[in-house]
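Student: everything below, folded, please.
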Amino acid sequence: MAVRYNQSPLKFICPVTDRQVDKGVDLDEDSFAKLDDGTELGCPACADAHRLDNVQSWLGDAIPLERVH
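Tutor: As a prediction, this is how the structure comes out:
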């Protein structure tokens, strides 16, 4: 039997527009934790790219109270 991992949408706050962005990709928690802080996320809200270490990002629908990544 294959192991299944719970995956959730990767979301972040665009620092230019202050809008919540759904990156359109689903990740499990282990994969999210392994992302490099320098990973660039293309942003449909402002058409720019933002480094993961410069945005509030999380998995799932609810905005966390603290920065996740």
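
Student: give me the beta-bridge partners of residue 20?
Tutor: Per DSSP bridges, the residues bridged to residue 20 are residue 13.

Student: test my guess that it contacts residue 13.
Tutor: Yes. Counting by CB atoms under 8 Å, residue 20 touches residue 13, with 6.0 Å between them. All C-beta atoms are positioned from the backbone trio N, CA, C, and that covers glycine.

Student: confirm residue 53 sits in a helix?
Tutor: Yes. Checked against DSSP: H, G, I helix; E, B strand; the rest coil, residue 53 lies within a helix.

Student: correct me, but it touches residue 35?
Tutor: No. Counting by CB under 8 Å, residue 53 stays clear of residue 35, with 9.9 Å between them.

Student: just confirm residue 24 is within a strand.
Tutor: Yes. Looking at residue 24 with three-state DSSP, it is inside a strand.

Student: name all residues that make contact with it.
Tutor: Counting by CB atoms under 8 Å, 6 or more residues apart in numbering, residue 24 touches residue 9.

Student: can you check the pLDDT for it?
Tutor: On the pLDDT scale, residue 24 is placed at 93.

Student: with residue 67 instead?
Tutor: pLDDT for residue 67: 55.

Student: what's the answer for residue 56, then?
Tutor: If you check residue 56, the pLDDT there is 94.

Student: any idea how far the closest residue to it other than its chain neighbours lies from residue 49?
Tutor: In space, residue 56 comes closest to residue 13 once its chain neighbours are excluded; the distance is 4.7 Å by CB to CB, 6 or more residues apart in numbering. Distance, residue 13 to residue 49, by CB to CB, to the nearest Å: 15 Å.

Student: higher neighbour count, these two?
Tutor: The neighbour comparison of residue 13 against residue 49 (other CB atoms under 10 Å) goes to residue 13, with 18 against 10.

Student: sounds good, over and out.
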